[in-house]
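>>> the following comprises the amino acid sequence and a computationally predicted model.
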Amino acid sequence: MNKGTVRVLNALSLFSRKPSWGVTELSRELGCVKNSAFQALDTLMKEGYVVRDPSGQRYQLSHTVIHFAGDGEALDVRSLCHPYLVRLQELTGASVFLSIIVGRYNVCIENLQAPGVTVGYSPISQPIPLHAGAGSRLLLAYLQDDEIQRYIEIVGQLERVTPTTIVDPAALWDEVRLIRRVGFARGYEDFSTGATFLSFPVLGAVDRPLAAITIGGPINRFTRAVADGLLPAIRAIMSELNRHSGMFPAVPIIRF
């Protein structure tokens with residue numbers, strides 16, 4: 001096996017130690033020049049194993065790797081949240097989804113579909129832009145202001161996924177402030193149509209977003225009135241979960 005291949009494999013293995021790496025620190029860790037570290041990361045990115053984070057300057061594992069191998073931290077989040085996902089589904093009779101931030105996207109890592117008519121949210125591992133859908137906007141809102149602004153600047157024109165997707169930056173900031181004030185996000189059929197969605201934060205250390213739990217059902221059955229009536233019981237379950245989730249390392253601060 002040649003040195004370049006070994007370097008690529010060693011670079012990939014370092015992501016088991018921490019979630020994101022820059023070229024300079026990776027070169028120090030690998031004991032090589034920065035150009036060689038960049039080439040290793042570039043190879044991993046071209047093959048779909050890593051992605052650039054929202055800053056464009058650091059790298060982290062892609063949703064593809066999480067899908068077929070399972071990031072250790074993501075697996076821990078699943079284990080922590082699974083009993084609560086079951087309780088939320090039993091309470092609401094709706095479908096329940098667990099998702100995390102990967103790069104500039106929201107990625108679903110587990111779902112419990114309600115019996116009967118199901119709702120479209122996102123297949124496991126499919127990346128969703130951080131401004132589209134209740135779970136995405138929830139995760140975005142719990143980042144720091146400078147991180148959100150940088151996301152908007154890097155993305156440029158926000159993608160309109162459905163006619164109701166928020167694509168105006170000022171309107172997105174209004175939505176961020178609303179989510180922070182009420183503590184959850186509503187779906188506006190801005191990623192998946194025909195369904196009502198509510199999304200709640202799972203918070204790690206220092207109130208950084210660890211994951212989002214999204215509850216959804218057909219709009220004619222899981223109406224806004226039904227969802228609002230369930231809010232106190234949902235909040236009680238989420239409060240219990242968040243008393244345990246604070247021990248988990250959360251999404252690292254996005255460096256620019």
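Looks like it arrived, so ask away.
>>> okay, CA-based contacts and neighbour counts for the rest of this
Noted.
>>> kindly format the C-alpha coordinates of stretch 40-48 as CSV.
C-alpha atoms of stretch 40-48 as CSV (Å, rounded to 0.1, in the frame of the first residue of the first chain):
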residue,chain,number,x,y,z
ALA,A,40,-6.0,13.4,1.6
LEU,A,41,-9.1,15.4,2.6
ASP,A,42,-9.8,16.3,-1.0
THR,A,43,-9.7,12.6,-1.9
LEU,A,44,-12.1,11.7,1.0
MET,A,45,-14.4,14.5,-0.1
LYS,A,46,-14.5,13.4,-3.7
GLU,A,47,-15.3,9.9,-2.7
GLY,A,48,-18.1,11.1,-0.5
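>>> hmm, who's touching it?
Stretch 40-48 is contacted from outside by 4, 7-8, 11-12, 23, 50-51, 59, 62, 64, using CA atoms under 8 Å, 6 or more residues apart in numbering.
>>> what about 10 Å?
Outside stretch 40-48, the residues that touch it by CA atoms under 10 Å, 6 or more residues apart in numbering are 4-12, 21-23, 26-27, 34-39, 49-52, 58-65.
>>> now do stretch 176-185
For stretch 176-185, the surrounding residues in contact (CA under 10 Å, 6+ apart) are 131, 133-143, 145, 148, 170-173, 175, 186, 197-201, 212-214, 231, 235.
>>> shaky segments in this structure?
In the predicted model, the chain carries pLDDT under 70 at residues 1-2, 16-17, 19, 54-56, 62-75, 116-125, 205, 246-256.
>>> how about a cut-off of 80?
Residue ranges of the chain with pLDDT under 80: 1-6, 9, 13-20, 46-49, 51-57, 60-76, 103, 115-126, 204-208, 245-256.
>>> which residue ranges make up the domains of it?
3-66, 70-245 (automatic domain parsing).
>>> need these in TSV (columns: mean neighbour count).
Shown next, in TSV, are these (neighbours: other CA atoms under 10 Å):
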stretch	mean neighbour count
domain 3-66	17
domain 70-245	19
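>>> surely residue 20 touches residue 52?
Yes. Assessed by CA atoms under 10 Å, residue 20 is found in contact with residue 52 at 9.0 Å.
>>> give me the common contacts of these two.
Among the neighbours of residue 20, those also in contact with residue 52 (CA under 10 Å, 6+ apart) are 58-61, 103.
>>> identify the farthest-apart pair in these.
Greatest spatial distance in the shared contacts of residue 20 and residue 52: 58 and 61, 10.7 Å, computed using CA to CA.
>>> got any residues that touch both of these two?
Taking CA under 10 Å, 6+ apart as the criterion, residue 58 and residue 61 both touch 19-21, 51-52, 103.
>>> closest one to residue 226 out of the residues you listed, please.
residue 103 (34.1 Å).
>>> what's the closest non-adjacent residue to the closest one?
The shortest distance from residue 103 to any residue other than its chain neighbours is 4.2 Å, reached at residue 53 (CA to CA, 6 or more residues apart in numbering).
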